[in-house]
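Enquirer: Below are the sequence and a predicted model for it; my questions follow.
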Amino acid sequence: MKLKFALFGLCTAAVSGYALAAKPVEAPGGQFAAEAEQMFLESFREDGPKEWKLRLMQDETMKTCGIYRDNPPRKIGEKLEKANKATIQYPASGKLMGNWKEGEKLAAVGTGGHIGFIQPDPPGRVKGGNCYACHQLAKKEIAYGTIGPSLQHFGKIRGNSPEMVKYAYDKIYNSNAFTACTNMPRFGLHGWITPEQIADIVAFLMDPESPVNKD
């Protein structure tokens, strides 16, 4: 009798386990995600600048990465990467390496994009790449972040072949073309900096005369 009950228990557990496994799993994001998003949107003043609301609008990549907490299934990630790759635009001149001295300035600029009534950006303030917030670049700059990999000697190590130059340009323009839910901003896609400015930053990374590639 005990054996029968033991076998019955095992069968019941197996069936229950199968039922749990077969049950559709709720998409990541949680049951309160929509309510939290609505509360966030409503927290901004209606009489604020139009730019405030525009910067709150998420595209498909942002929404999807939020749902899956930056770890979407591979097939979904590949779809996002393909869509982002199609957005990349190049300078009218066709040159993907510009002036490294101008790129050096842009890499160090952390201003731009401030919103609010107290200290908004004054007209004409330059938006920079703020590259040092995440990366080590020129040796002379000792204050840098470590969220991203070190890019010191990037051109010396990687070379400056047309393929590598294009890779660097594409990565800066829209990093999600390479990693679906990367932390790196999509500088070109969002119009933060122009294609010509991106070419200058590429030169800062890859030109042999750039301080990034000097000892």
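Expert: On my side now, so go ahead. Computed from a predicted structure; not experimentally measured.
Enquirer: From now on I want contacts and neighbour counts done on CA atoms only, so please keep to that.
Expert: OK.
Enquirer: Provide a list of residues in contact with the residue nearest the centre of the chain.
Expert: Nearest to the mean C-alpha position of the chain, by CA atoms, centre = their mean, lies residue 184 at 3.3 Å. Contacts for residue 184 (CA atoms under 8 Å, 6 or more residues apart in numbering) come out as 175, 176.
Enquirer: so residue 137, which of the three states?
Expert: Assigned with DSSP: H, G, I helix; E, B strand; the rest coil, residue 137 falls in the coil class.
Enquirer: Assess the claim that it and residue 212 are in contact.
Expert: Yes. Contact between residue 137 and residue 212 holds when scored by CA atoms under 8 Å: they sit 5.4 Å apart.
Enquirer: returning to what we had before: distance-wise, check the residue nearest to the centre of the chain relative to residue 199.
Expert: 17 Å (CA to CA, to the nearest Å).
Enquirer: With residue 205 instead?
Expert: 10 Å.
Enquirer: ditto for residue 141
Expert: Per CA to CA, residue 141 is found 21 Å from residue 199.
Enquirer: Between the two, which is the more surrounded one?
Expert: Taking other CA atoms under 10 Å, residue 141 and residue 199 do not tie; residue 199 has more neighbours (29 against 12).
Enquirer: so the more buried one touches residue 97, yeah?
Expert: Yes. Counting by CA under 8 Å, residue 199 touches residue 97, with 4.6 Å between them.
Enquirer: which neighbours do residue 137 and residue 212 share?
Expert: Taking CA under 8 Å, 6+ apart as the contact rule, residue 137 and residue 212 both touch 151, 152, 153, 205.
Enquirer: how about the helices in this protein?
Expert: Under the criterion DSSP state H, the chain carries helices at the ranges 2-22, 33-42, 50-54, 60-67, 74-85, 100-108, 154-158, 162-173, 195-206.
Enquirer: Any idea which of the ones you listed gets closest to residue 131?
Expert: If you check each of the helices of the chain against residue 131 by CA to CA, helix 100-108 wins as the nearest, at 4.9 Å.
Enquirer: by contact count, what packs against the closest one?
Expert: helix 195-206 (3 or more CA pairs under 8 Å, 6 or more residues apart in numbering; DSSP states H and E).
Enquirer: list the buried ones in the helix it packs on?
Expert: 195, 196, 197, 198, 199, 200, 201, 202, 203, 204, 205, 206 (16 or more other CA atoms under 10 Å).
Enquirer: quick one on the thing from earlier: looking at the shared contacts of residue 137 and residue 212, which one is closest to residue 103?
Expert: The nearest one, if we look at those relative to residue 103 and count by CA to CA, is residue 205, at 8.3 Å.
Enquirer: count of neighbours near residue 185?
Expert: With other CA under 10 Å as criterion, residue 185 counts 16.
Enquirer: pLDDT-wise, which helix or strand of this protein ranks last?
Expert: In the chain, no helix or strand scores lower on mean pLDDT, DSSP states H and E than helix 2-22, which sits at a mean of 41.
Enquirer: could I get the shared contacts of residue 137 and residue 212 as JSON lines with distance to residue 76?
Expert: As requested, the shared contacts of residue 137 and residue 212 are exported to JSON lines (distance: CA to CA, whole Å):
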{"residue": "151", "distance to residue 76": "29"}
{"residue": "152", "distance to residue 76": "33"}
{"residue": "153", "distance to residue 76": "34"}
{"residue": "205", "distance to residue 76": "31"}
